[in-house]
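Asker: okay, predicted coordinates and the sequence, questions at the end:
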Amino acid sequence: MSALVDLILGIVTSIGGFVEAGSISTAAEGGSQFGFELLWAIAAASVMLAMLIEMSGRLAAVSHRSLAAAVRERFGIDFQIVPLAAELIIDILLLAAEIGGAAIAVTLLTGVAFNWWLVPIALTVWLVLCAFGFSVIEYGVGLLGLVTLAFVLAAWRLQPDPHALLGGFAPSMAGHDRLHYAFLAVSILGATVSPYLLNFYSSGTIEEELPESKLWVNTVTGYVGMCFGGVVSMGVLATSAMVLRPQGILVDSYQQAALMLVPTFGTWGVTLFALSLGIGCFGAAVEIALNAGYLSAQVFGWSWGANKRRGDAARFTAAFTLVLLLGLALALTGFDPLRLTLLSVALTVVIMPLIVLPFLVLMNDEKYVKQHKSRTLGNAFLAALTLLGCLLAIIVIPLEVLGG
Amino acid sequence: MDLVRDLLDNAVVDRKGREMGRVDGIVLEIRDGAPPRVAAIEIAPGVLAHRVHPFFGRCMVAFGYVFHLRDPRPLVIPLGDRLQIGDRVKVDMDVGDTVAGEVEQRLRRWVRAVGGGA
């Protein structure tokens, strides 16, 4: 495909594939409890994600190695075993949350109890992973996910006060429930900057064989796609702020959050919410399971690739199947998907320094990025994010206990 | 050559370019009156796990015996004509002749039985 078509598809699928259980739950809860005050957290997290995604893609396109493979080669298994194990555990938690979120979405549409949908949804995820190549998976998920633009449309039609909206982009401390506010701000970061996204994106860059000469496609897709994707999350928060907060509805379940689109779309509101939640969660489950396969195969040097016949990459197939089964098993235990989501995003923040620190080395190593090394701004950002990650890693669990 | 940076943990491929694993270990030959020399590379989950902690290494070896792998000992490839060290390490072997190939074959039969060769 031409570079322009690649670019457009990349941006569109980044927007459509941005929102999933974590971003919906944290944005909806943030909006219902604190109005527009957490918009700055989504904006900051989106910019951080965009920068990291661009670096992941650049690393993969120039070195022909995914992030996980590059970390194994550069740092060795002694370092990588900790983020690898942590990421696989978080992937299982996230999978359970996403499968649960998709099941709740189907329940909203059908009225049938959500426990009945867990196995069929997990099976469908597995069938999609076995039957389709990378492009179909990525573009299919992303294009269907454009239904989440309903949140942006709703926020626009509800005519938010521009002054209050813009004020939400200025970092501030809430006037009430400060611990819970701080916990949500940190959770928004964890929900947005998910480790699986970084390796998934770099693996996808290799699957699609993006050449070094087209790095500009990666740059534009990363920044524009992720930042516009962040706008969808902001749409969720703003809609929740304008619809649920005035009614005193504190979102602690997806069923409550579904009410936010009713004033704009009437009876279609719950349907649109369910479709957004369902497609977003289903797409995320596909990507998380696929990434678990990528991670395992790339670290241990197995054959891998969504564009290969599954039998020709049997250990890769077995890895994503096993992780999907474990996620399903956890979902079947009955844990509330919303609580699972918040737990997994908190754990994501705990391991964030181990995910970000390798970038600081790899993006300055000519062996991996040749002349496309990070400049001063990029290095300053990585250093700051590593330090911030270390600080947040220390406080996130106490925050969850005290303010979660 | 920087052994840790340029050899250890690098990807290994067979003569047809198929993934064989990674350089999990390096065997050094200690010689009297001469500096150590790289004798061979090792590819094995047990060697990799041993680097994390010897207990995990023993567990991986036991795992291999429990699952009746043909030979759970490490694959040791001597440095020489059969080995080319570059961006990736290329070995003049067929991955099907290794334990990794055996595991892949077993899982391939299962994948094809369940998924119909998708």
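Answerer: Received, thanks. Numbers count the residues shown, from 1 in each chain, chains lettered A, B, ... in the order given.
Asker: from now on I want contacts and neighbour counts done on CA atoms only, so please keep to that.
Answerer: Will do.
Asker: could you look up the SS state of A:Gly175?
Answerer: With DSSP: H, G, I helix; E, B strand; the rest coil as the basis, the three-state label of A:Gly175 is coil.
Asker: got it, and B:Gly21?
Answerer: For B:Gly21, the assignment made with three-state DSSP gives strand.
Asker: neighbours of it, just the number please.
Answerer: Using other Cα atoms under 10 Å in any protein chain shown, B:Gly21 has 26 neighbouring residues.
Asker: now for A:Leu360: which residues touch it?
Answerer: If you count contacts by Cα atoms under 8 Å, 6 or more residues apart in numbering or on different chains, A:Leu360 has them with A:379, A:382-383.
Asker: any stretches of chain B with poor pLDDT?
Answerer: Low-confidence regions of chain B, defined here as pLDDT under 70, cover residues B:68-72, B:115-118.
Asker: residue contacts, the residue of it found nearest chain A?
Answerer: The nearest approach of chain B to chain A comes at B:Gly21, 3.9 Å away (Cα to the nearest Cα). For B:Gly21, the contacting residues are A:300-302, B:11-13, B:43, B:100, by Cα under 8 Å, 6+ apart.
Asker: against A:Pro162, how distant is it?
Answerer: For B:Gly21, the distance to A:Pro162 (Cα to Cα, to the nearest Å) stands at 56 Å.
Asker: what do you get for A:Leu354?
Answerer: The span separating A:Leu354 from A:Pro162 equals 39 Å under the rule Cα to Cα.
Asker: how about the nearest residue to residue 57, chain neighbours excluded?
Answerer: This is for chain A. In space, and not counting its chain neighbours, A:Gly57 is closest to A:Ser202: 4.9 Å by Cα to Cα, 6 or more residues apart in numbering or on different chains.
Asker: wrong one, chain B
Answerer: Closest residue in space to B:Gly57, ignoring its immediate chain neighbours: B:His50 at 3.9 Å, by Cα to Cα, 6+ apart.
Asker: only alpha carbons, please: show stretch A:333-352 as PDB.
Answerer: These are the backbone C-alpha positions of stretch A:333-352, laid out as PDB (Å, rounded to 0.1, in the frame of the first residue of the first chain):
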ATOM      1  CA  THR A 333     -13.900 -16.500  38.900                       C
ATOM      2  CA  GLY A 334     -16.400 -13.600  39.000                       C
ATOM      3  CA  PHE A 335     -14.100 -10.700  39.900                       C
ATOM      4  CA  ASP A 336     -15.700  -7.400  38.900                       C
ATOM      5  CA  PRO A 337     -14.200  -6.400  35.600                       C
ATOM      6  CA  LEU A 338     -14.100  -2.700  36.700                       C
ATOM      7  CA  ARG A 339     -12.100  -3.600  39.800                       C
ATOM      8  CA  LEU A 340      -9.800  -5.900  37.800                       C
ATOM      9  CA  THR A 341      -9.200  -3.000  35.400                       C
ATOM     10  CA  LEU A 342      -8.200  -0.600  38.200                       C
ATOM     11  CA  LEU A 343      -5.900  -3.200  39.800                       C
ATOM     12  CA  SER A 344      -4.100  -3.900  36.400                       C
ATOM     13  CA  VAL A 345      -3.600  -0.200  35.700                       C
ATOM     14  CA  ALA A 346      -2.100   0.300  39.200                       C
ATOM     15  CA  LEU A 347       0.300  -2.600  38.500                       C
ATOM     16  CA  THR A 348       1.200  -1.100  35.200                       C
ATOM     17  CA  VAL A 349       2.300   2.000  36.900                       C
ATOM     18  CA  VAL A 350       4.500  -0.100  39.300                       C
ATOM     19  CA  ILE A 351       6.500  -1.600  36.500                       C
ATOM     20  CA  MET A 352       6.600   1.600  34.400                       C
END
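Asker: wait, a helix at B:Ile41?
Answerer: No: looking at B:Ile41 with three-state DSSP, it is strand, so not inside a helix.
Asker: contacting residues around it?
Answerer: With contacts taken as Cα under 8 Å, 6+ apart, B:Ile41 has the following neighbours: B:23-27, B:76-79.
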